[in-house]
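J.: Sequence and predicted structure are below.
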Amino acid sequence: MLLELLFMMLFDIFHQTMKSFALHEINNSVPMWLFDDPLALSLLKFISVPPKSSKNREIYSSAFVTTEGKILSIARNMQILKNEGWKIRQGYANHAEMMAYCVADLVTPGNIQGYIYVIGFISENEIFIHKKKTIGDDIKSERFTCTLCAKKVCEHQINGIAIPTAMGWKKLEAKNALATAQSFHNEVENGNNNSRKNESLNFSNESVIKLVNHLKKTNPKKLIQLLEKNFELNQTVVKIIKAANDGYVSTKNYKKIVLK
Ligand SMILES: [Zn+2]
């Protein structure tokens, strides 16, 4: 009887330890869906090995996906020149979201309906996965963080933005993307939040390295096959994914592909 009780106690301790270990693992690991989602993989592979000059800088990748499920573009934030023919120019460089929109507009001019998917690295080994915002006991939804892009999304009547969360892609309608970005922006202005890092889930370095290694091993042809199961792709998108095999496409090369 005593032995049985002791055994039960030991089993319970073992069980609790395993449970907290598993929770710890979950909390510190990059979400598993990222390893299987062909769109996330295509976007991340494209920026997984930034040039040396960009180390520790934020870098994002973006796709314009129509409401019919056609991927019109894959882009990243990059420097652009005045007379290159982009629909929107935010300054000396465009954010990934607006590059995706500009390229989509070049490929399919006119009124395009769809969502801009965006994902990226906050620094070399930190991936930006939006976390739920908690204010007191009130758990709010994940927020978009860029008012500049959100305003353009509303202005050009794009349906919205899709952001990566712990559970997968989350679509924010244009108005909501702007409202959440404004709430983020106001906090920054008031000094309550100093960076996007506070808006992101925290992952262990090992787990981000694991994802980056997975990206390295992911073959572009395989990625294209996986994407084609869910989306229609144009030749520009196929070319970009193939060119991103080494984890980065230079601005010069990128423009050569999309501007032809
Ligand atoms: Zn932006």
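T.: The structure has been received and is ready for your questions.

J.: ranges for the strands of the stretch 151-260 of the chain?
T.: Taking DSSP state E, counting those that start in this stretch as the criterion, the stretch 151-260 of the chain carries its strands at 160-165, 168-173, 232-233.

J.: Mind giving me the packing neighbours of the first one?
T.: Here strand 160-165 is seen to pack against strand 114-123, helix 147-155, strand 168-173, helix 174-189 when contacts are counted using 3 or more CB pairs under 8 Å, 6 or more residues apart in numbering; DSSP states H and E. Any C-beta I mention is one placed from the backbone N, CA and C, and that applies to glycine too.

J.: Which pLDDT value belongs to the residue nearest to residue 130 when sequence neighbours are not counted?
T.: Distance criterion CB to CB, 6 or more residues apart in numbering; nearest residue to residue 130, sequence neighbours excluded, is residue 142 at 3.8 Å. Residue 142 carries a pLDDT value of 94.

J.: doesn't residue 165 make contact with residue 142?
T.: Yes: Residue 142 is within contact range of residue 165, at 5.0 Å (criterion: CB atoms under 8 Å).

J.: Need the residues touching each of these two.
T.: 130, 131, 132 (CB atoms under 8 Å, 6 or more residues apart in numbering).

J.: could you dump those to CSV with distance to residue 180, neighbour count and secondary structure?
T.: Below are the shared contacts of residue 142 and residue 165 laid out as CSV (distance: CB to CB, whole Å; neighbours: other CB atoms under 10 Å; DSSP: H, G, I helix; E, B strand; the rest coil):
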residue, distance to residue 180, neighbour count, secondary structure
130, 9, 22, strand
131, 13, 15, coil
132, 11, 13, coil
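
J.: returning to that earlier point: with neighbour numbers in mind, choose between residue 142 and residue 165.
T.: residue 142 (20 against 17; other CB atoms under 10 Å).

J.: how about the more buried one, secondary structure?
T.: The three-state label given to residue 142 by DSSP: H, G, I helix; E, B strand; the rest coil is coil.

J.: What's the separation between it and residue 164?
T.: Distance from residue 142 to residue 164, counting by CB to CB, to the nearest Å: 9 Å.

J.: Next: residue 99.
T.: 18 Å.

J.: now residue 45
T.: 15 Å.

J.: dump the residue contacts of the closest residue to residue 72 other than its chain neighbours.
T.: Of all residues not flanking residue 72 in the chain, residue 104 sits nearest, at 3.7 Å (CB to CB, 6+ apart). By CB under 8 Å, 6+ apart, the contact set of residue 104 is 64, 72, 73, 112, 114.

J.: which other residues reach stretch 174-188?
T.: 141-147, 149-151, 153-154, 157-161, 172, 193-194, 199.

J.: Test my guess that residue 72 contacts residue 109.
T.: No: look at residue 72 against residue 109 with CB under 8 Å: they stay out of range, at 10.9 Å.

J.: So which of the two has more stuff around it?
T.: A count of neighbours by other CB under 10 Å puts residue 72 above the other of residue 72 and residue 109, at 23 against 9.

J.: and that one, what element?
T.: Element membership for residue 72 (DSSP states H and E) is strand 70-76.

J.: And stretch 227-242, end to end?
T.: 13 Å (CA to CA, to the nearest Å).

J.: Mean pLDDT and mean neighbour count added to the helices and strands packed on strand 160-165, as CSV?
T.: Compiled in CSV, the helices and strands packed on strand 160-165 are given as follows (pLDDT from 0 to 100; neighbours: other CB atoms under 10 Å):
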stretch, mean pLDDT, mean neighbour count
strand 114-123, 96, 23
helix 147-155, 98, 20
strand 168-173, 97, 16
helix 174-189, 93, 18
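
J.: Relative to the ion, which of these is closest?
T.: For the helices and strands packed on strand 160-165, distance to the ion was read as CB to the ion. The smallest value, 3.2 Å, belongs to helix 147-155.

J.: The closest one: how far from the chain's middle?
T.: With CA atoms, centre = their mean, to the nearest Å as the basis, helix 147-155 stands 17 Å off its chain's centre.
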